[in-house]
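Asks: Requesting a structural model of the entry that follows:
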Amino acid sequence: MEFVGQTRELNGGGRLPVIGLGTAAWNKFEEIKSAVIVALQVGYRHFDTASYYGSEGALGAALMEAFQSGVVKREEVFVTTKLWDDEHDDPLAAISRSLKNLQLEYVDLFLLHWPVRLRKGYSLPPKEEDFLPLDIKSTWRGMETCFEMGLTKAIGLSNFSCKKIEDLFSYAKILPAANQVEMHPMWQQKKLRDYCSKKRIQVCAWSPLGGQNTTWGSSVLMDNPIIQEIAQKHGKTVAQVLLRWGIEQGVCVVTRSFNKGRITENFQIFDWCLTAEDSEKINKLEQRKIVRAEHLVNSTTSPYRTVEELWDGEI
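Replies: Numbers count the residues shown, from 1 in each chain. Got it, this is the predicted structure:
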């Protein structure tokens, strides 16, 4: 995948900025809107949302304000949203809702959020009766229709293993442009990255900082003494080291912060490099997936009986 400036080329055309601002937060409309406006001023051009996050409206309001005031043009911004687990039956209706929330005519990337299908009205964590039979082939066909209608410039996946992508390749007419997965120095995803590179699928890392201060995340990355030592050596923040490591692996990173200082710091990763010694130390870190998604597994109705099955042994 060609690297030009601060973007990666996608297999169907288009360029995905290497760093994006995540907007996963519930009931924080003004905070999200303000963060997006700050991020645009700093230089961010990729904004990541999902129907599940409830942040599409806030992102849309911020972007519309920026377009109208001339801060950026629509074609200068890359917007990603996702199809949630209870929307598999009708991706076209789902993306139409998302576009209305975002006040956009199209998104740049539409991802299938999880390889799991839940009924409408489910509750988290899902109960046995909330799971529906999985039909990725039918869902992907719906995603392809969204692409064919011009409602998205590209379609892709999120939280898909090598095996699940390989299965999709057996019937997909339009190939996935990206796969967004948990990835950071303590979950490096080398097998998946190698596979996606061969298939010309751009890997995008969610939770590149470990999700500290979230209900599902961990401070294990921010507290890691080796990462802290590397940061101190370069006069950088721990977050900057983690994000720099990600883009040096050829992936795109999506990091979430609503703090102006951290939004600015997180973007300052382009004018310096990690040393070979730094990379060697990071490569030796013990591997541990933070989000195992046990709640998507059961012995009766889920398509996955074990966590290993969900991730096809890539855990």
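
Asks: what sits against Thr152?
Replies: Ile95, Tyr106, Val107, Asp108, Leu109, Phe110, Cys146 (CB atoms under 8 Å, 6 or more residues apart in numbering). C-beta coordinates here come from the backbone N, C-alpha and C atoms, glycine included.

Asks: any idea whether the residue nearest to it when sequence neighbours are not counted is helix, strand or coil?
Replies: Spatial nearest neighbour of Thr152, excluding adjacent residues (CB to CB, 6 or more residues apart in numbering): Phe110 at 3.9 Å. Secondary structure for Phe110, judged by DSSP: H, G, I helix; E, B strand; the rest coil, is strand.

Asks: From Ala178, how far out is Phe110?
Replies: 10 Å (CB to CB, to the nearest Å).

Asks: what does Leu157 give?
Replies: 7 Å.

Asks: now swap in Trp272 and tell me
Replies: For Trp272, the distance to Ala178 - CB to CB - is 26 Å.

Asks: Among those two, which residue is more densely surrounded?
Replies: Ala178 (24 against 12; other CB atoms under 10 Å).

Asks: residues in contact with the more buried one?
Replies: Leu10, Leu16, Leu109, Leu111, Ala154, Gly156, Leu157, Ile201, Gln202, Val203, Cys204, Cys252.

Asks: Give me the next element, helix or strand, following the worst-scoring helix or strand of the chain on mean pLDDT.
Replies: The weakest-scoring helix or strand in the chain, judged by mean pLDDT, DSSP states H and E, is strand 3-4 (a mean of 39). Per DSSP states H and E, the first helix or strand lying C-terminal to strand 3-4 is strand 7-9.

Asks: which strands and helices sit next to that following strand?
Replies: strand 15-17 (3 or more CB pairs under 8 Å, 6 or more residues apart in numbering; DSSP states H and E).

Asks: Let me see the confidence value for Met143.
Replies: Met143 is assigned a pLDDT of 98 by the prediction.

Asks: what does Ile155 give?
Replies: pLDDT, read off for Ile155, is 98.

Asks: Now for it, how many residues are close by?
Replies: Ile155: 29 neighbours (other CB under 10 Å).

Asks: And it, how close does it get to Ile263?
Replies: 28 Å.

Asks: just to revisit the earlier point, quick one: which of the contacts of Thr152 is most hemmed in?
Replies: Within the contacts of Thr152, Ile95 tops the neighbour count with 28 neighbours, counted by other CB under 10 Å.

Asks: mind listing what that one touches?
Replies: Thr81, Leu83, Val107, Phe110, Cys146, Leu151, Thr152.

Asks: now, which of these sits nearest Ser123?
Replies: Of all the contacts of Ile95, Leu83 has the smallest distance to Ser123: 19.4 Å, by CB to CB.

Asks: That closest one against Ala94, yeah?
Replies: Yes - between Leu83 and Ala94 there is a contact under CB atoms under 8 Å: 5.3 Å.

Asks: what's the overlap in contacts for those two?
Replies: By CB under 8 Å, 6+ apart, the residues touching both Leu83 and Ala94 are Ser51.

Asks: who's more crowded, these two?
Replies: The residue with more neighbours, out of Leu83 and Ala94, is Leu83; 26 against 22, by other CB under 10 Å.

Asks: Pop out the phi and psi values for the more buried one.
Replies: phi -90, psi 120 (degrees, to the nearest 10).

Asks: how close does it get to Leu40?
Replies: For Leu83, the distance to Leu40 - CB to CB - is 26 Å.

Asks: Please apply the same query to Gln268.
Replies: If you go by CB to CB, the gap between Gln268 and Leu40 works out to 16 Å.

Asks: Compare the two and say which is more crowded by neighbours.
Replies: Leu40 (20 against 16).

Asks: Many thanks, I have nothing further to ask.
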